[in-house]
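In: please find the sequence and the predicted model below.
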Amino acid sequence: MSCQHTTLLPWNTFHLDAHAEKVSVVSSVHTLCQLWQESDAKNQPVLLLGEGSNVLFLEDFQGHVIINRIKGIEIHEDKDRWLLHVGAGENWHQLVEHNLVKGIPGLENLALIPGCAGSAPIQNIGAYGIEFNQLCDYVDVVSLKDGMLKRLNADECAFGYRESIFKHQYRYDYAIVAIGLTLPKKWQPILTYGDLARMSPDSVTPQQVFDAVCQMRRSKLPDPAITGNAGSFFKNPVIASEQAEELHRSYPTMPHYPQAAGGTKLAAGWLIDQCALKGTVVGGAMVHLQQALVLINHDRATGADVVALARTVRQRVGEHFNIWLEPEVRFIGSQGELDAVKVIS
C-alpha cells in the first residue's frame, strides 16, 4: 500500500520522494508528547526527525512523522568554562557559528555536520579528532508516554563510536529535547587530521580551524541542498590490531588510527576507493566521485536503488579486505526503523 498524503521530500537530505500519512512540526515538549500519544492511541507508527540528514526512506512511511523544532540556546559560565543548554531542534552548524560569534570556541572541528543538536548524541557525532561525548555535559529526554523529563549525564549516555544509549534503551518511546555542553575557556586546538595538522597550535585561532574544516568538508562532500545524500553512508570500521597490521604491510599508505579502547579504526572511504567503486551507479544512486564514503541521489533515485548500491559496496569491500562495512545511516521502512546491516547483507 502506498500513501500519498504528505511528501517527505523536504524532510530527508537524500531527496527521496517518499510520503507519510501525516507530518507535523513541533516547537514544544508538550505538543511533541501530545501528538505522539494521539498516534500511539491509534496504533499509528511514529517517526521522530530533526532535519532528516541521516535517514534513508526505503518506502512510504505508513504513519506520522513528527519534526522536532524545539529551540533555544542558553549560555552560562563560571570561572573556567562555558555551559550551554541547547534545544534539540537547533541546527548544529548554526550552533557552531553562533558560538564563534559569541567568542565561545570548542565546536569548530564539528562544523558543517548536517542535522540538529538533538541528533548529535544519538550518533555521537565526530570529525577531525573530536567526538560529541568529549563536550557533552548532559542530555535531556522526555518520556513520550507520560511527558516526564529526565536528565542523563554524559557517563549515563553509554557513548561509543557512532553509538549511544539513545540507539538502545531510549530508542523507543523517548525523545531528546535538549543537550548540555561544557566548553573550557582555556581553548586547546585539536589539529590531528587533514589540513589542520599543518597549522601551528601556538598561533592558530578558532576561526581559522573553523574555516579549514569547512573548506575540507566542502571540497570532498556534496552539498545536500544540491545533491541528495546523507553524508558518510558507512561507519569507519574498527578491526583487530593484528588484522590492521597485516593490511598495513600490504598497503603502506593505508590510513589507520589505533584506538584507546583497543583495535584500529580504518577509513571506510579509503577501503571503498581501493575497490575502484567511485562513480559506480545502481539505478539512480551513485558512489560519489570525490568521496567514496558518500552515496548520492544521482538521478531520481529510490530507496531501493540506494540499498542495492550499498549492498554492492559492502560485498566488494568484504570480498577484497574481509571487512564488512556497516551503514551509519538509519534505514526507515513503512512501519519504522529497520536493521540496516540485515537489509544490505
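Out: Arrived safely, thanks for sending. All values reported here derive from a predicted model rather than from experimental measurement. Numbering: from 1, shown residues only.
In: ranges for the helices of the stretch 101-250 of the chain?
Out: When secondary structure is read from DSSP state H, counting those that start in this stretch, the stretch 101-250 of the chain shows helices at 120-123, 206-220, 241-250.
In: mind listing what's buried in the strand ranked longest in the chain?
Out: Criterion DSSP state E: the longest strand present in the chain is strand 174-184. Across strand 174-184, burial judged by 16 or more other CB atoms under 10 Å covers 174-183. For glycine as for every other residue, the C-beta is placed from the backbone atoms N, C-alpha and C.
In: also stretch 93-108?
Out: Across stretch 93-108, burial judged by 16+ other CB under 10 Å covers 93, 95-100, 104-108.
In: give me the contact list for the biggest helix by length in the chain.
Out: For the chain, the helix that runs over the most residues, judged by DSSP state H, is helix 303-321. Contacts with helix 303-321, where a contact means CB atoms under 8 Å, 6 or more residues apart in numbering, come from 14, 16, 18, 56-59, 233-234, 247, 268, 271-272, 274-275, 277, 280-287, 295, 297, 323-325, 327, 331, 343-345.
In: show me where the stretch 51-200 of the chain has strands.
Out: Here the stretch 51-200 of the chain has its strands, by DSSP state E, counting those that start in this stretch, at 55-57, 61-68, 73-77, 81-87, 126-127, 130-131, 136-143, 149-153, 174-184.
In: quick one, which of those gets closest to residue 228.
Out: strand 55-57 (10.4 Å; CB to CB).
In: picking that back up, list buried residues within the contacts of helix 303-321.
Out: Buried subset of these (neighbour count, 16+ other CB under 10 Å): 14, 16, 18, 56-59, 233-234, 247, 268, 271-272, 275, 277, 280, 282-287, 295, 297, 323, 325, 327, 331, 343-344.
In: now, these that are in strands?
Out: Counting by DSSP E, these place 56-57, 282, 285-287, 295, 297, 331 in strands.
In: residue 25: what secondary structure?
Out: strand (DSSP: H, G, I helix; E, B strand; the rest coil).
In: could you shift the numbering so residue one becomes 37, and keep it that way?
Out: Shifting the count to begin at 37 puts that one at residue 61.
In: bridging residues for it?
Out: Taking DSSP bridges as the rule, residue 61 bridges to residue 103.
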